[in-house]
Every structure is written in structure tokens, then in C-alpha cells.
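Undergrad: take this sequence and fold it.
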Amino acid sequence: MTEHTEPDAIARRIAQRCDQLGLSEGMLAYRTHMSPAYLRQLLRNGPEFDEEAFLRIATALGTTWPELLTGRRPDAPPGQAGAGPRPLLLHLTGPQCWELLGTRGVGRIGLPGRAAPVVLPVNYAVDARTIVYRTSPRGAAAPAEGSPASFQVDHIDDHRSQGWSVLILGEAHRIDDPEEERRLSALPGATPWAGGARPLWVRVSPSEIAGRRIGTG
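TA: As a prediction, the model looks like this:
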């Protein structure tokens, strides 16, 4: 049992959620079909005492079991755990960066916008030390030919408070060769997660690649 799942921590989260909803102890007990005395006993002893009752509490509070247990929603952004002990920032070499990028994944393309740079998630494939992805010809991720571009991929391990990030700077080029489009369409990871008609292939040709890893000393 971690400090996040100890009865006192869970009881604090329940109290905070009740404050948000304007619920008293009696009102929560009523909603969960238990007496106030039994509710207090539950909060003192934690989920191992009566897990079914805590599931009823989560339902009554409009939250999920993981959020009640650990304070984290299943779809919460990474980085909830905080910094680890003795963090150490390491710079990655070019080959290490390409190794982390692998053959495919999800990253963020950064392109010039009218008022400010636009950063959008896209699923990508690696092709001969370039990044390729598909989008709609009129979509926000469709660049002007030869536009400056950045591309970033990262990974966060919340459990260990570690992670890495790779950043590519270069130019974005539209691919209009049908034979090349067919070849790229056969690559793993070529199908856009967002679905729909996305016939335009874009290639980000790097002029610079850099990466960092957060570890422990």
C-alpha cells in the first residue's frame, strides 16, 4: 500500500470531493445506503475493509474507482506523480533519438500559424530517417510546401517519474508522387488514428534532432 492508497489519503480525497459537491457526511451516507457511523468506520479502515462500499462511494461522488483510490483519473495527463528522487537530465545522441522514435508512434507536429505556432498530435511512421504522416489537404496539420516544422515525441513513466523527449527541427514537404504514396501506405502505422479522408502525405526532413532523458542519479 502506497501513501496515495492509505485510508487517510483516501478519506481526504472523499472529503475534498464532498466539499466540491456541497455534500455533508450525512448526505453521503444517505446516497450510499449506509449509516454515518459505518461510513466513518469505512474511512478509518480503507477499501480492504469493504471494497463494495467504497465502490458505492465512488458512484455517489461521480468519480471513478482509480481516481478515488489513487487520486488519478485513468485519462489524466502524465506527470501526476511529481519528480523522482535525485533526478538527472541526460542529453541523447542522434542514434539514441532515432532508436527511441522506433518505426511508428504518436507525436506532435508544430507548424507556423497565423497568430502563433500550431501544435497538433499525429500518428507517424519513420522512413529513411525522416518523419511521415497523413492528413487532410485542407487540415490544420497540412503545411505549406517547404514550411519550417518541428516534430516532438515523448514518453513518461509516471511510476518511476522518468521519461524521455525527442525534438526534430526541419522542413515539411508535401508528397505528390502516387508511387511513393502507395509505398508509404504499406508502412506500419500508416493508417491515421483520427480516421476520415486523409490522403495527403507529409514528410518532415530533419535539419536537427535532439533528445533528453530524465533519469535518477
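
Undergrad: and the strands in the chain?
TA: Listed from the start of the chain, the chain has strands (DSSP state E) covering 87-92, 104-111, 118-127, 130-135, 147-157, 162-175, 200-216.

Undergrad: what bridges to Gln162?
TA: Listed beta-bridge partners, Gln162: Asp157 (assigned using DSSP bridges).

Undergrad: which elements pack onto the helix ranked longest in the chain?
TA: Residue-count comparison of every helix in the chain, with assignments taken from DSSP state H, identifies helix 7-21 as the longest. Helices and strands in packing contact with helix 7-21 are listed as helix 25-31, helix 36-45, helix 65-70; criterion 3 or more Cβ pairs under 8 Å, 6 or more residues apart in numbering; DSSP states H and E. From N, CA and C alone the C-beta is placed, and that goes for glycine too.

Undergrad: could you dump the shortest one to CSV, C-alpha only?
TA: Listed next in CSV are the C-alpha coordinates belonging to helix 65-70 (Å, rounded to 0.1, in the frame of the first residue of the first chain):
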residue,chain,number,x,y,z
TRP,A,65,-12.5,3.8,-8.6
PRO,A,66,-8.9,4.5,-9.7
GLU,A,67,-9.4,8.3,-9.0
LEU,A,68,-10.9,7.5,-5.6
LEU,A,69,-8.1,5.1,-4.8
THR,A,70,-5.1,7.0,-6.1
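
Undergrad: got the angle for the longest helix of the chain vs helix 36-45?
TA: In this structure, helix 7-21 runs at an angle of 130 degrees to helix 36-45, with axes from the mean of the first three to the mean of the last three Cα atoms, to 10 degrees as the basis.

Undergrad: which stretches of the protein have low pLDDT?
TA: For the chain, the stretches with pLDDT under 70 are 1-4, 72-75, 80-82, 159, 217.

Undergrad: how about a cut-off of 50?
TA: Within the chain, the ranges that satisfy pLDDT under 50 run 1-3.

Undergrad: could you give the bridge partners of the residue lying closest to Val119 once chain neighbours are set aside?
TA: Here the nearest residue to Val119 in space, its sequence neighbours aside, is Gly110; by Cβ to Cβ, 6 or more residues apart in numbering that works out to 4.7 Å. In this structure, Gly110 has the following beta-bridge partners (DSSP bridges): Val119, Ser150.
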